[in-house]
Each structure stands twice: as C-alpha cells, then as structure tokens.
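In: here is a sequence together with a model predicted from it:
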Amino acid sequence: MGFDAAVTSVEAVVVELLPSALVKVKLSNEAVVLAHAAGAAKTNFVRVRPGDRVQVELSPHDPGRGRIVRLIK
C-alpha cells in the first residue's frame, strides 16, 4: 500500500449513476468527475442516488477521477 500525500478531498453532489458502479459527481467548482465507491462505502454497500452529497478524494494523477469516501447526511 502506498501513501497518498497529494490526495485532495472535496465535497460533491451525485449527478448520474453509470454502469460498473461508476458515479458522475459535480464538484463545488462546477467540474464533473467520475468516481467509484471505496473503503467502508464499498464494503458496507452505501447506496448513493442523484442529488446526494458525498465526500470525494480526487486522484493526484488524473483530476477527472476520484473515489467516494463517505456519504454526507
């Protein structure tokens, strides 16, 4: 396992559900990013729907992709 020091964590809103467990989310700066569930969200089967607010960690290598870390209530 590597250490991701440059990971950026931001809030986003789910826009669209895509096949293969991908989700299209819109960040606060209006950018649209593809994301997938990771960690506890994946193992505990957290279901997201369009309009839900989530916390997303953006990839340092590809800012157009990220992973959903948690659902914000």
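Out: Received the coordinates, thanks. Numbering: from 1, shown residues only.
In: strand partners of the longest strand that the chain contains, parallel vs antiparallel please.
Out: Secondary structure of the chain read by DSSP state E shows that its longest strand is strand 8-17. Here strand 8-17 is paired, per DSSP bridges, with strand 22-27 (antiparallel), strand 53-58 (antiparallel).
In: for it, buried residues please.
Out: Judged by neighbour count using 16 or more other C-beta atoms under 10 Å, the buried positions of strand 8-17 are 10, 12, 14. Where you see a C-beta, it was placed from the backbone N, CA and C, and this is true even at glycine.
In: name the nearest residue to R53, ignoring sequence neighbours.
Out: Once flanking residues are discounted, R53 sits nearest to I72: 4.2 Å by C-beta to C-beta, 6 or more residues apart in numbering.
In: ditto for L17
Out: V23 is the one closest to L17 (C-beta to C-beta, 6+ apart), at 5.9 Å.
In: and V7, what does it touch?
Out: Contact analysis of V7 by C-beta atoms under 8 Å, 6 or more residues apart in numbering lists 57-60.
In: kindly report the same for A12.
Out: The contact partners of A12, by C-beta under 8 Å, 6+ apart, come to 25-28, 33, 35, 53-56.
In: kindly report the same for V32.
Out: Counting by C-beta under 8 Å, 6+ apart, V32 touches 15, 24-26.
In: what do you get if the cut-off is 7 Å, keeping everything else the same?
Out: Contact partners of V32, counting by C-beta atoms under 7 Å, 6 or more residues apart in numbering, are 15, 24, 26.
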